[in-house]
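Chemist: Next comes the sequence, and after it the predicted model I'd like to discuss.
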Amino acid sequence: MSFLEGSVLGNGALLGAEELDRYFPERRLGVYVATWNMQGEKGLPYNLDDLLLPADTDFAQDVYVIGVQEGCPDRREWEIRLQETLGPYYVMLYAAAHGVLYLTIFVRRDLIWFCSEVEHATVTTRIISQIKTKGAVGIGFTFFGTSFLFITSHFTSGDSKVYERILDYNKIIEALALPRNLPDTNPYRSTTSDVTTRFDEVFWFGDFNFRLNKERGEVEAILNQGVGADMSPLLQHDQLLKEMKEGSIFKGFQEAAIQFPPTYKFDIGCDVYDTTTKQRTPSYTDRILYRNRQADDIKVVKYTSCSSIKTSDHRPVIGMFQVKLRPGRDNIPLGAGQFDRSLYLEGIRRRITRELKKREAAMKNQNNSTVCTIS
């Protein structure tokens with residue numbers, strides 16, 4: 001057994017119950033998932049705080065997972081910006097890409113030692129051009145004794161292409177080759193035909209491209225009624241929910257209740273749905289689904305859209321979850337605390353520079369607004 005694989009020492013092990021309870025007394029991991037179709041925009045939003053650190057969130061999460069479809073041309077710049085936003089207590093555990101599909105995982109810096117080696121795989125469902133690919137990228141790893149799979153994907157577009165989207169799903173679950181070297185944590189329930197059965201906790205998110213089977217005018221009329229967070233009149237016509245109910249897609253998966261307006265298709269820079277000649281029907285193309293090994297392993301804390309980021313024709317969707325952890329044994333290949341150090345340093349350098357500029361600006365304003373009073 002190699003040094004990195006450690007030894008099986010029961011409770012005293014690195015991944016055992018004692019360490020788990022020390023870091024996670026409730027045995028629950030805070031997982032933050034974001035999905036966003038960027039529309040290939042070169043210019044990133046000036047501030048990504050709203051995407052990763054919503055103001056109404058009381059606490060920071062342990063793991064941040066960001067999936068992007070039609071990503072910006074400079075993937076490294078995107079990763080640096082994520083690091084800059086999350087700050088010095090987080091490190092990039094792993095990043096993978098498939099064409100312009102990007103998947104990035106950050107973890108709390110002190111938790112890096114409890115992660116196994118990380119593996120990724122990709123699947124192409126359709127090649128549209130040399131750069132643009134429809135398909136999926138998945139990342140798998142074990143944390144303590146719980147195995148995780150994160151998949152982001154971009155399914156076939158088109159209002160009526162439901163069957164093609166189901167084919168995309170089927171190809172991905174069959175062809176995504178994970179895990180490779182990591183042990184299957186529950187081999188008795190695994191099947192070779194569905195990658196999502198081979199992990200304890202699975203999050204699958206992206207631009208699934210499912211639409212609302214309703215005329216644009218009717219959808220807008222429902223939205224304009226101002227029924228608050230009740231989107232059920234729209235969701236009755238959602239293609240994805242219908243197919244899931246019929247068992248033809250995302251078998252074993254769940255989705256939190258949708259209480260936000262459709263995230264597609266917007267005019268860039270504003271809150272108006274598509275005014276082009278195509279007049280696309282507003283739809284819930286962007287979703288986060290999850291599958292747990294045992295009921296209640298995954299608890300939903302929040303599921304919403306990020307309406308303040310308007311650089312794309314899609315709004316990002318974010319989900320926050322509390323995920324049950326189980327103690328592990330030190331018989332898995334550990335990641336040995338590896339993370340992307342150069343990215344970390346550049347992200348933190350930029351964060352410090354930004355803070356200094358803010359302070360300078362504040363000082364200038366203070367000096368300019370100082371009023372002398374003569375008594």
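Modeler: Received, thanks.
Chemist: Could I get the full set of helices for the stretch 1-150 of the chain?
Modeler: Ranges of helices within the stretch 1-150 of the chain are 17-23, 49-52, 75-86, based on DSSP state H, counting those that start in this stretch.
Chemist: Can I get those helices in CSV including mean pLDDT?
Modeler: Output for the helices of the stretch 1-150 of the chain, formatted as CSV (pLDDT from 0 to 100):
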stretch, mean pLDDT
helix 17-23, 97
helix 49-52, 95
helix 75-86, 98
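Chemist: Dump those helices to CSV, plus mean neighbour count and distance to residue 121.
Modeler: Just so you know, the C-beta spots here come from the backbone N, C-alpha and C atoms, and that holds for glycine as well. CSV is the format used below for the helices of the stretch 1-150 of the chain (neighbours: other CB atoms under 10 Å; distance: least, CB to CB, whole Å):
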stretch, mean neighbour count, distance to residue 121
helix 17-23, 15, 28
helix 49-52, 18, 26
helix 75-86, 20, 18
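Chemist: Only the buried residues of the longest helix along the chain, if you could.
Modeler: Counting by DSSP state H, the longest helix found in the chain is helix 341-368. Under the neighbour-count criterion of 16 or more other CB atoms under 10 Å, helix 341-368 has 343, 344, 346, 347, 351 buried.
Chemist: Those residues into a markdown table, with extra columns for pLDDT and distance to residue 247?
Modeler: Below are those laid out as a markdown table (pLDDT from 0 to 100; distance: CB to CB, whole Å):
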| residue | pLDDT | distance to residue 247 |
| --- | --- | --- |
| 343 | 98 | 42 |
| 344 | 98 | 44 |
| 346 | 98 | 47 |
| 347 | 98 | 43 |
| 351 | 96 | 47 |
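Chemist: any idea which of these is closest to residue 32?
Modeler: Relative to residue 32, the closest of those is residue 347; by CB to CB it sits at 17.1 Å.
Chemist: which residues touch the nearest residue to that closest one once chain neighbours are set aside?
Modeler: Spatial nearest neighbour of residue 347, chain neighbours left out: residue 83 (2.7 Å); criterion: CB to CB, 6 or more residues apart in numbering. Under the criterion of CB atoms under 8 Å, 6 or more residues apart in numbering, the neighbours of residue 83 are 90, 92, 106, 343, 344, 346, 347, 348.
Chemist: With respect to residue 313, which of these is nearest?
Modeler: Distance ranking of the contacts of residue 83 against residue 313, using CB to CB, places residue 106 first at 26.4 Å.
Chemist: Of the contacts of residue 83, which is the nearest to residue 287?
Modeler: residue 106 (21.6 Å).
Chemist: From residue 281, how far off is the residue nearest to residue 162 when sequence neighbours are not counted?
Modeler: Excluding the flanking residues, the one nearest residue 162 by CB to CB, 6+ apart is residue 239, at 5.4 Å. From residue 239 across to residue 281, the span is 11 Å (CB to CB, to the nearest Å).
Chemist: Now the common contact residues for these two.
Modeler: Counting by CB under 8 Å, 6+ apart, the contacts common to residue 239 and residue 281 are 211, 212.
Chemist: Stretch 265-285: end-to-end distance?
Modeler: One end of stretch 265-285 sits 9 Å from the other (CA to CA, to the nearest Å).
Chemist: what's next to that stretch, contact-wise?
Modeler: Residues from elsewhere that reach stretch 265-285 (CB under 8 Å, 6+ apart): 37, 159, 207-212, 214-216, 219-220, 223, 234-235, 238, 240, 258, 261-264, 307, 310-315.
Chemist: Next, count neighbours for the residue nearest to residue 162.
Modeler: Using other CB atoms under 10 Å, residue 239 is surrounded by 22 other residues.
Chemist: How about residue 69?
Modeler: Neighbour tally, residue 69, other CB under 10 Å: 30.
Chemist: For it, give me its contacts.
Modeler: With contacts defined as CB under 8 Å, 6+ apart, the neighbours of residue 69 are 35, 36, 37, 38, 100, 101, 152, 153, 154, 206, 207.
Chemist: gap between the first one and residue 285?
Modeler: Distance, residue 35 to residue 285, using CB to CB: 10 Å.
Chemist: overlap in contacts of those two?
Modeler: Counting by CB under 8 Å, 6+ apart, the shared contacts of residue 35 and residue 285 are residue 207.
Chemist: how distant is stretch 281-290 from the center of its chain?
Modeler: In terms of CA atoms, centre = their mean, to the nearest Å, the centre of stretch 281-290 is found 13 Å from the chain centre.
Chemist: follow-up on the earlier one: dump the helices of the stretch 1-150 of the chain into a markdown table; add distance to residue 143 as well.
Modeler: Formatted as a markdown table, these follow (distance: least, CB to CB, whole Å):
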| stretch | distance to residue 143 |
| --- | --- |
| helix 17-23 | 10 |
| helix 49-52 | 20 |
| helix 75-86 | 18 |
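Chemist: closest to residue 296 out of those helices?
Modeler: With CB to CB as the criterion, residue 296 lies closest to helix 17-23 of those, at 18.1 Å.
Chemist: which other helices and strands contact the closest one?
Modeler: Counting contacts by 3 or more CB pairs under 8 Å, 6 or more residues apart in numbering; DSSP states H and E, helix 17-23 packs against no other helix or strand.
Chemist: what ranges do the helices span in the stretch 151-300 of the chain?
Modeler: 162-175, 216-224, 232-235, 239-245.
Chemist: looking at those, which is closest to residue 366?
Modeler: Residue 366 lies closest to helix 216-224 among those, at 44.5 Å (CB to CB).
Chemist: buried sites along that closest one?
Modeler: 219, 222, 223.
Chemist: cool, stretch 283-302 as well?
Modeler: Buried residues in stretch 283-302, counted by 16+ other CB under 10 Å: 283-293, 297-298, 301.
Chemist: Filter those down to the ones in strands?
Modeler: 286, 287, 288, 289, 290, 291, 292, 298, 301 (DSSP state E).
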